[in-house]
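[1] Quick one: sequence and predicted model below, then my questions.
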Amino acid sequence: MKYPFPHMQSFLRSSIGNFWNRLGLLTALLLLLLAATTLAADPLEIAVTGVEEAALDNVRAALVLPPDLVRDGRVEPLWLERFVRQVPERVRRALEPYGFYEAEVSTDLQVRGENDYLLTVAVVPGEPVRLTTVRVRLSGPGENEPRLQSLVGDFPLLPGEVLRQDLYDRARGTLKARALDLGYLDADFAVHRILLNRQERRAEIDLELATGERYLFGEVLMHGAPDYPERFLRRYIAFAEGDVFSYPRLGQTQLNFLDSDRFREVIITPRLDLTRDLRVPINLKLVSSPRRRLRPGIGYGTDTGARMSVNYRDLNVLRRGHEFSADLGISEHRQSLTSSYILPGLKNMDSQTALRAGFERESISTFETRSLFAEIERLHGFGRGRIGSVYLRLLQEDYIVGLQDSRSRLILPGLRFSHRSYADPIRPKRGFRYSLEGRGTHQSLGSDTGLLQFLAGGNAVVPLPWQLKLLLRTQGGTTLKNEPLSEVPASLRFFAGGDQSVRGYGYQTVGPRDASGKVIGGEHLAVGSVELEVPIGENWGVAAFFDLGSAFNSVTEIDWARGAGLGVRRYTMVGPVKIDIARQIGVADPSYRVHVSVGFGW
């Protein structure tokens, strides 16, 4: 926001600075108080010396205090004496998985005050046991399976290395789990042993996985959900009869049914007891959810203002799995009424035909639009989150941009492609999404103008050490046209600025201006964002970000808008609540802007 009086801006900056200084002092005092409270609540401190890293963590885990040792904040002497006697043996057992079988352990208990003890555990681990021979092999029908052979070749323990029981157990479990995932359901270890010679500090590993035969998927026996056609339901099954049996595919099938929002219970059971000719029948039990839904929602966003919505869905029109939806959205700056009818394809769950129509009105400081549209889109799923489509859109738009008041009618054919891969859609720790679109029209199709547009956008979440996350966002577009920009409706022009663009600037307030100084949008768009998020507990996070972007008509005329700031995140089951404070960078009189995004639905 801009301040009308310079002395007021100086006063606010000074006040904000004092506020943060006081907040920092208060935080430090609270941390000191918390530390003092923690020390007071833990009358027995244990210090371990002589080991480090994973071995130290295991020793500390072995020295967890018995529940009766401290009662009502006081150490029980008899329990303490018994615990101290047990410490050496506990430590020695904790070190054996890391190759140390002759560790020497001594303890020293000091009384530092009333009900205040320090137990020092000094460890001399000694020479570790090292491997002289490592034999890992496969046998049976799957002995030449490349995905199993790669695990054998990458076995984490080699001759000359320290014997690590934890690495051995983990690698053995991974090898068997991979065999099961590849359909070798009878896979088991014919040999699994560690030959240990403590006196000579050497060991041998001998491991042989017998794969057994490879199983296939058999017939799928469906139960429940009688209102849905069986051909429709089979779209969600992630395998076909005769495919190699795979537990991950069973899990994906369950997710497909649940993510459709049509079923409240999905139980998948492989009937291993009915296996014939290595084919495993699959029992699939479905319990349908109510087909008709009415869901209101409320929220607030800096770009939209206060908003409310009502969504109606019928997920099984004509008992054929067709979907009808109607959405009413009302906010301070945008109102819309849209509907869609989706006819599912039979090839896979992402293949469908969508019919859409609606009315939209948007009024912001940059432009005002009123539009009617109708669209038909044919979508096709390419697997693993990839969806492509071809569409035809009819658009009539009345718009006011700058000093221009016009109407445009367009027939817009286009292509879309998107790819999404997030492990957790609510709070992703890694993953990406990108989308590509090309659309165009010409006067020969009956449109008022001719143009060709290409759009691209993407997001990525990159995990970093210490549970940090790097969030990257980009957006771009370009327009080729055969008439002046004034003939292009506002919804097809490019603007920058706002919560999802360049923070620090108002929603769609960045772009080329007309002679009167009003923003009228541009032919091209380029936006990028970098954000570093630090988690605080399970459901909170703080972020620092930098945004850069502009809408422009020529590369030589780009006027980059830049913003940077800090934000707070609160993660909920329905999505994150975001509050950002951004400051403009590189302008003579920079302003601050608060960006808020929060919404709830039922």
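    Okay, I see it.
[2] Just name whatever secondary elements the longest strand seen in the chain is in contact with.
    As assigned by DSSP state E, the longest strand anywhere in the chain is strand 404-422. Counting contacts by 3 or more Cβ pairs under 8 Å, 6 or more residues apart in numbering; DSSP states H and E, strand 404-422 packs against strand 386-401, strand 431-441. Quick note: C-beta positions are derived from backbone N, CA and C, even for glycine.
[3] So what are the sheet partners of the helix or strand just after the shortest one and their directions?
    Read that as strand 431-441. With elements assigned by DSSP states H and E, the helix or strand that comes after strand 431-441 is strand 451-463. Its sheet considered, strand 451-463 pairs with strand 431-441 (antiparallel), strand 469-481 (antiparallel) by DSSP bridges.
[4] for residue 371, what are its contacts?
    359-361, 395-398, 489, 491 (Cβ atoms under 8 Å, 6 or more residues apart in numbering).
[5] can I get the CA coordinates of stretch 136-154 in PDB?
    Presented in PDB, the C-alpha positions along stretch 136-154 are these (Å, rounded to 0.1, in the frame of the first residue of the first chain):
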ATOM      1  CA  VAL A 136      24.800 -62.100  -2.800                       C
ATOM      2  CA  ARG A 137      23.000 -64.000  -5.600                       C
ATOM      3  CA  LEU A 138      19.600 -64.900  -7.200                       C
ATOM      4  CA  SER A 139      18.300 -68.400  -8.100                       C
ATOM      5  CA  GLY A 140      15.100 -69.600  -9.700                       C
ATOM      6  CA  PRO A 141      13.100 -68.400 -12.700                       C
ATOM      7  CA  GLY A 142      13.800 -64.700 -11.900                       C
ATOM      8  CA  GLU A 143      17.600 -65.000 -11.500                       C
ATOM      9  CA  ASN A 144      18.200 -62.900 -14.600                       C
ATOM     10  CA  GLU A 145      15.600 -60.200 -13.800                       C
ATOM     11  CA  PRO A 146      17.400 -56.900 -14.500                       C
ATOM     12  CA  ARG A 147      15.600 -55.000 -11.700                       C
ATOM     13  CA  LEU A 148      16.700 -57.600  -9.200                       C
ATOM     14  CA  GLN A 149      20.200 -57.900 -10.600                       C
ATOM     15  CA  SER A 150      20.600 -54.200 -10.200                       C
ATOM     16  CA  LEU A 151      19.900 -54.400  -6.400                       C
ATOM     17  CA  VAL A 152      22.400 -57.300  -6.200                       C
ATOM     18  CA  GLY A 153      25.000 -55.300  -7.900                       C
ATOM     19  CA  ASP A 154      24.300 -52.300  -5.700                       C
END
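[6] Buried residues of that stretch, list them for me.
    For stretch 136-154, burial by neighbour count (16 or more other Cβ atoms under 10 Å) applies to 136, 138, 140, 142, 145, 148, 151-152.
[7] Give me the contact list for that stretch.
    155, 171, 174-175, 178-179, 182, 184, 187, 190, 205, 207-214.
[8] so residue 45 touches residue 118, yeah?
    Yes - counting by Cβ atoms under 8 Å, residue 118 is a contact partner of residue 45 at 5.1 Å.
[9] ok, and the closest non-adjacent residue to residue 505?
    residue 497 (3.6 Å; Cβ to Cβ, 6 or more residues apart in numbering).
[10] Kind regards, and thank you for your time.
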